[in-house]
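[1] Need coordinates for the below:
(2 chains)
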There are 2 protein chains.
Amino acid sequence: MVTIAVDAMGGDDAPKAEVEGAIRAVRSLGVKVILVGKRDIVRAELDKHEDTDGLPIEIHHASEQVTMDDSVKAVRNKRDSSIRVAARLVRDGVADGLVSAGNTGAVMATAKQVQGMLPGVDRPAMAAAFPTLKGTPVIVVDVGANVDSSARMLAQFAVMGDIYSRVIFHTYRPRVGLLSIGEEEHKGNELTRAATPLLKALPIHFIGNVEGRDIYAGETDVIVCDGFIGNVALKVSEGLVEMVSKMLRESLEATITRKIGSLLARRAFNEFKKRVDYAEYGGAPLLGVKGVCIVTHGRPNANAIKNAIRVAAEFAEGNINEQIEAELASGQLVGASAAAKAD
Amino acid sequence: MVTIAVDAMGGDDAPKAEVEGAIRAVRSLGVKVILVGKRDIVRAELDKHEDTDGLPIEIHHASEQVTMDDSVKAVRNKRDSSIRVAARLVRDGVADGLVSAGNTGAVMATAKQVQGMLPGVDRPAMAAAFPTLKGTPVIVVDVGANVDSSARMLAQFAVMGDIYSRVIFHTYRPRVGLLSIGEEEHKGNELTRAATPLLKALPIHFIGNVEGRDIYAGETDVIVCDGFIGNVALKVSEGLVEMVSKMLRESLEATITRKIGSLLARRAFNEFKKRVDYAEYGGAPLLGVKGVCIVTHGRPNANAIKNAIRVAAEFAEGNINEQIEAELASGQLVGASAAAKAD
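    As a prediction, this is how the structure comes out:
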């Protein structure tokens, strides 16, 4: 049985959503979950739920927890934090992967340091699945693990994103695009122009430059970019959805009279929210680290945690890391590496 | 009377929207418009409208037109293109500003070359107004005129954006933010870290880093970024609004029964679209060139053209360029310049 360690103290309202999500996951997915955190607090939360005896859920004690305000140094000094203990469980083979709703920077740094990097990967990358018009999500990588990336790093992101798309979303021959500001090859910045020949040399289905508006069109399966750009794209989208939701609710309330319309409008609105809800896609994996590490939204609900556990289990079962290692070790990036040095 | 040259052959369906927008503008704004393009075609379009005799609209002939597919070289070789002729009218003082819905790259290059740059400005920058939750738009600069910008360029964008916000949107002491991937000063990339001390040294109300999601929150009046980032933010937003519009229409149609709901839903939806419609804000000015140059969406409607003419007139009347020259010449960027060199 696949075992996933859940950082029970990660999210804003922890361990409520973490515990409920874990219960849902073990009931429906056939996985085992280790809840990592302060034993008495997690135990008390677990006891609020009925019929949990006999479920494949364990509590693993960790005396400290990382907060959103902790500095990099503070994170490093908390040797018994729930995220660090969860990462150790993965490193030691006790768990196959971890899920955390904690401080993204702290989770990334801890996973990288404790679990270590896959051979052939220069830097880990955070991948996020965005909803699209076609229904199938598009993976954007990197959304913030790195800034000032090199062309060679973008090529590695492409290889990892391609495998992620195939294994988790069952995409046949994913269309991989490079995020730029025009479709023509020469349109872009120094980084995109340097990355283009490397991406062309990879044994992936590289479709060239794509623009910001193409993210949501659903004609691309994987979009590669520097983490600064990807983070801006993700956050701009979150901010816009928030604005649109509020404006739209106001418009609907102002226009559709209360008597006949409020229920109908609410139903339509909830359906829409579900379609753009990132939680449905199960969190953002940190690609390139040994073992599995899935980061979810800092204000997760139980469903988001459950989906993240599902994705973590699929990552482990799909042997994604073995594939990344094999493809990066196969020498396909040797030429890429030489070209990058020639820049 | 302020005179605005309109590139009548710029947009996808030119000169339909251009001519109708010009008529609306002269009727309501008290400006004069020179329509630049093939005389017979523009004349024929103008004659489709009633009661246009005596309106302050002139036609200025230009035998060529730039297409969306023209290369940089092709644009340069069309010496009698409508955009180039319009830019010459501004350079020669016949018009106070120009409006074009043409190929953005061609418009920028032509305006820069023909009209020339303001003293003290290294590179022109394209500014776009985004809608916000608070109702007041936020200006993002640059949205695509430059890539691989320097810290010094970002400081100039901040000065120009600050003046734009004050003059056109009547903002008292605009809050100017630097687009990054975290609010803390150290979070960002090499460029944002280099730009921070320069922005702090300017006599503007610099509020530090802002994130992608802050664009739509309405707590910032001007957001400064490299043109690659700004372009991605703009295009991601356009793509997302398109997706959300389609999804939402589907949800509403599926949920609200035709009999009672379709009209009501349509009304709510139109109100929402109006609130996020970039055309309402009147196009994107190219800041830093001599004279005025406003670029509008490539598929403009008459309202977008009219609003762009309004903004061009306000730019000319507000003496924005004189203010930019004065502020950049006042030595406030001397320290900035020295700091940039010290990087």
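[2] Contacts for stretch A:108-125, please.
    A:72, A:75-76, A:81, A:83-84, A:87-88, A:90-91, A:98, A:126, A:141-142, A:145-146, A:149-150, A:152-153, A:156-157, A:160-161, A:227, A:286-291, A:293, A:295, A:321, A:324-325, A:328-329, A:333 (CB atoms under 8 Å, 6 or more residues apart in numbering or on different chains). To be clear about C-beta, it is placed using only N, CA and C from the backbone, and glycine gets the same treatment.
[3] Which of the residues you listed fall in strands?
    Of the contacts of stretch A:108-125, the ones assigned to strands by DSSP state E are A:98, A:126, A:141, A:286, A:287, A:293, A:295.
[4] Might you report the residue contacts of the fifth one?
    Residues touching residue A:287, when contacts are defined by CB under 8 Å, 6+ apart, comprise A:124, A:125, A:126, A:127, A:141, A:157, A:160, A:161, A:164, A:324.
[5] how much space is there between the spatially closest residue to it that is not a sequence neighbour and residue A:127?
    Nearest residue to residue A:287, sequence neighbours excluded (CB to CB, 6 or more residues apart in numbering or on different chains): residue A:160, at 4.1 Å. Residue A:160 sits 7 Å away from residue A:127, going by CB to CB, to the nearest Å.
[6] Identify the contacts common to the two.
    Here residue A:160 and residue A:127 have A:141, A:287 as joint contacts, going by CB under 8 Å, 6+ apart.
[7] Kindly give the local confidence score, pLDDT, for the spatially most central residue of chain A.
    Central residue of chain A (CA atoms, centre = their mean): residue A:284, 0.5 Å from the mean position. As predicted, residue A:284 sits at a pLDDT of 90.
[8] That one and residue A:137 touch, don't they?
    No - here residue A:284 does not reach residue A:137: they are 11.7 Å apart, not a contact under CB atoms under 8 Å.
[9] Next, show the common contact partners of these two.
    Taking CB under 8 Å, 6+ apart as the criterion, residue A:284 and residue A:137 both touch residue A:129.
[10] residue ranges with poor pLDDT in the stretch 201-343 of chain A?
    Judged by pLDDT under 70, the stretch 201-343 of chain A has its weakly predicted residues at A:251-281, A:331-343.
[11] try 50 this time
    Residue ranges of the stretch 201-343 of chain A with pLDDT under 50: A:258-259, A:334-343.
[12] In it, what residue spans correspond to strands?
    Residue ranges of the strands in the stretch 201-343 of chain A, as given by DSSP state E, counting those that start in this stretch, are A:205-210, A:222-224, A:284-287, A:292-295.
[13] ok, back up a step: in space, what's closest to the residue nearest to the centre of chain A - neighbours in sequence excluded?
    Closest residue to residue A:284 apart from its sequence neighbours, by CB to CB, 6+ apart: residue A:128 at 4.6 Å.
[14] And for the one you found, the neighbour number?
    When neighbours are defined as other CB atoms under 10 Å in any protein chain shown, residue A:128 has 24 of them.
[15] Now do the same for it: helix, strand or coil?
    Judged by DSSP: H, G, I helix; E, B strand; the rest coil, the three-state class of residue A:128 is strand.
[16] One more: the one 5 residues further on?
    Reducing the assignment at residue A:133 to three states with three-state DSSP gives coil.
[17] Tell me the spacing between it and residue B:173.
    Here residue A:133 is placed at a distance of 41 Å from residue B:173 (CB to CB).
[18] Comparing these two, which shows the higher neighbour count?
    The neighbour comparison of residue A:133 against residue B:173 (other CB under 10 Å) goes to residue A:133, with 15 against 11.
[19] hmm, back to that, write the ChimeraX selection for whichever of the contacts of stretch A:108-125 are buried.
    In ChimeraX, a selection of the buried entries from the contacts of stretch A:108-125 looks like this (16 or more other CB atoms under 10 Å in any protein chain shown):
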select /A:75,81,83,84,87,88,90,91,98,126,141,142,145,146,149,150,152,153,156,157,160,161,227,286,287,288,289,290,291,293,295,321,324,325,328,333
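[20] Just to be sure, which of the contacts of stretch A:108-125 are found in helices?
    Here DSSP state H is the test, and these give A:72, A:75-76, A:83-84, A:87-88, A:90-91, A:152-153, A:156-157, A:160-161, A:227, A:321, A:324-325, A:328-329, A:333 as lying in helices.
[21] Now for residue A:38: which residues touch it?
    For residue A:38, the contact set (CB under 8 Å, 6+ apart) comprises A:9, A:61, A:62, A:63, A:65, A:82.
[22] Just grab the bridge partners of the second one for me.
    Under the criterion DSSP bridges, residue A:61 forms beta bridges with residue A:37.
[23] quick one: it and residue A:39 touch, right?
    Yes - between residue A:61 and residue A:39 a contact is recorded at 4.3 Å, counting by CB under 8 Å.
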